[in-house]
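S.K.: Return a 3D structure for these sequence lines:
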Amino acid sequence: MLVWIIFLACILVFLALDLGVFHKHDHVIKSKEAGIWTAIWVTIALAFSGVVYWLFSNGMMDNPTGLTANEAVLKYITGYLIELSLSVDNVFVIAVIFSSFKIPPVFQHRVLFWGILGAIVFRALMIFFGVALITKFDWIIYVFGVFLLYTAFKMLRGDDEDFHPEKSFVFRNLKKLYPITSEIKGHDFFIKKMGVRAATPLFVALMVIELTDILFALDSIPAILAITADPFLVFSSNILAILGLRSMYFLISRMLEKFRYINYSLVVILAFVGLKMLFSHYIHLPEWVSLTVISVSLIGGILASLYIPDKD
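M.R.: Residues are numbered from 1 along each chain as shown. Below is the predicted model:
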């Protein structure tokens, strides 16, 4: 429990420093700054594998799945890469949401910051229940496997390309529950207009981002549970990938057209993880195989995007 408390305290310190010190004043995040922060978050996440090794080698963690320190590190890195790669799809959707609600670039970091806080809470709950389900009901892993294969198939067909945030369930019902204004006044989520307190487009965008993150978590949580059912490894790899999502957004959102083949990488990763779940009781792949498939898929999608000419 002490390890969990220290880990969560460190995450809260990181977030407090992020908004309270490094991004205290609203400004447009340039590509260079986004690249530096992306490198920092990735370095922190990979360096954390040393902490994982230390915790498991010294028996300082509950180890319900009986992992060695080396196995724990491999599973952590594999899980982190899965979460990081699936976060790329999140970037595309966030870009559409900001564009749809006309959120100025200067305020986008603040919206994403509060979105990250909500994502941490929701994902913690989903991980807790996901681990509990797999531990209690062995057959649930087949349900997760089929769901991931279905998601991969939908992504391959491009069923999610026509996404209109202003027509989403959250936006339509939010209008019924609370007054909404199209006026943006600084970075405020709520303003008073004609004596009525109303939600600004920043708050609406935040709510839609929260909902879409929950939907994305329905893919990513089962995907990482295929790698390990250890609660700490699942949670830490997931949260550290989410923390780097903001800087990754500002880094690659301006280059979305260049990464047109990255979706095929995600299809391969989801399909592989889904099949791994379905055959988990019959075939036990070494962890380096999963790590290799995920890495090659990502690198292949990036290289194809950069070197294959765009005919359109």
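
S.K.: low pLDDT regions in the protein?
M.R.: Along the chain, segments meeting pLDDT under 70 span 19-24, 89, 134-135, 137-138, 158-171, 254-258, 281, 310-312.

S.K.: who touches the helix or strand containing Phe272?
M.R.: Phe272 belongs to helix 262-278 when assigned by DSSP states H and E. In this structure, residues lying in contact with helix 262-278 by C-beta atoms under 8 Å, 6 or more residues apart in numbering are 82, 85-86, 88-89, 141-142, 144-149, 151-152, 155-156, 158, 219, 222-223, 226-227, 285, 290, 293-294, 297-298, 300-302, 304-305. Any C-beta I mention is one placed from the backbone N, CA and C, and that applies to glycine too.

S.K.: now, which of these lie within helices?
M.R.: Those of the contacts of helix 262-278 mapping onto helices are 82, 85-86, 88-89, 141-142, 144-149, 151-152, 155-156, 219, 222-223, 290, 293-294, 297-298, 300-302, 304-305, per DSSP state H.

S.K.: Filter these down to the buried ones and express that as a ChimeraX selection.
M.R.: Buried members of the ones in helices among the contacts of helix 262-278, defined by 16 or more other C-beta atoms under 10 Å, are picked up in ChimeraX with:
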select :82,85,86,88,89,141,144,145,147,148,149,151,152,155,219,222,223,290,293,294,297,298,301,302,305
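
S.K.: you'd agree Thr78 is up against Ser295?
M.R.: No. Thr78 is beyond contact range of Ser295, at 9.2 Å (criterion: C-beta atoms under 8 Å).

S.K.: okay, the two: which has more neighbours?
M.R.: Thr78 (26 against 14; other C-beta atoms under 10 Å).

S.K.: mind checking how far the more buried one is from Ile191?
M.R.: Using C-beta to C-beta, to the nearest Å, Thr78 is found at 45 Å from Ile191.

S.K.: again, but for Val106
M.R.: Distance, Val106 to Ile191, by C-beta to C-beta: 17 Å.

S.K.: In terms of neighbours, single out the busier of those two.
M.R.: Neighbours around Val106 and Ile191, counted as other C-beta under 10 Å, are more numerous at Ile191. The numbers are 17 against 14.

S.K.: doesn't that one fall inside a strand?
M.R.: Yes. Assessed by DSSP: H, G, I helix; E, B strand; the rest coil, Ile191 belongs to a strand.

S.K.: Go ahead and confirm it touches Pro201.
M.R.: No. Using C-beta under 8 Å, Ile191 is not in contact with Pro201, being 10.8 Å away.

S.K.: re the thing from before, could you check the angle the helix holding Phe272 makes with helix 140-157?
M.R.: 160 degrees (axes from the mean of the first three to the mean of the last three C-alpha atoms, to 10 degrees).

S.K.: got the buried residues for helix 262-278?
M.R.: 262-278.

S.K.: Spatially nearest residue to Ala95, not counting backbone neighbours?
M.R.: Counting by C-beta to C-beta, 6 or more residues apart in numbering, the nearest residue to Ala95 once its immediate chain neighbours are dropped is Ser253, at 4.7 Å.

S.K.: likewise Phe203?
M.R.: Phe189 (3.9 Å).

S.K.: which helices and strands does the helix or strand where Phe232 lies pack with?
M.R.: Using DSSP H and E, Phe232 sits in helix 231-243. Here helix 231-243 touches helix 2-17, helix 31-57, helix 69-100, helix 105-136, helix 201-225, going by 3 or more C-beta pairs under 8 Å, 6 or more residues apart in numbering; DSSP states H and E.

S.K.: what angle sits between the helix or strand following that helix and helix 201-225?
M.R.: Downstream of helix 231-243, the first helix or strand assigned by DSSP H and E is helix 245-252. Inter-element angle recorded for helix 245-252 and helix 201-225: 100 degrees (by the same axes, to 10 degrees).

S.K.: just the CA coordinates of helix 245-252, formatted as PDB?
M.R.: Taking C-alpha atoms only, helix 245-252 is exported to PDB below (Å, rounded to 0.1, in the frame of the first residue of the first chain):
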ATOM      1  CA  LEU A 245      -0.500  12.300 -24.100                       C
ATOM      2  CA  ARG A 246      -0.800  16.100 -23.800                       C
ATOM      3  CA  SER A 247       2.700  16.800 -25.100                       C
ATOM      4  CA  MET A 248       2.300  14.100 -27.700                       C
ATOM      5  CA  TYR A 249      -0.900  15.800 -28.900                       C
ATOM      6  CA  PHE A 250       0.900  19.100 -29.400                       C
ATOM      7  CA  LEU A 251       3.800  17.400 -31.100                       C
ATOM      8  CA  ILE A 252       1.900  15.300 -33.700                       C
END
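
S.K.: so how far is stretch 52-66 from its chain's centroid?
M.R.: Computed by C-alpha atoms, centre = their mean, to the nearest Å, the chain-centroid distance of stretch 52-66 equals 25 Å.
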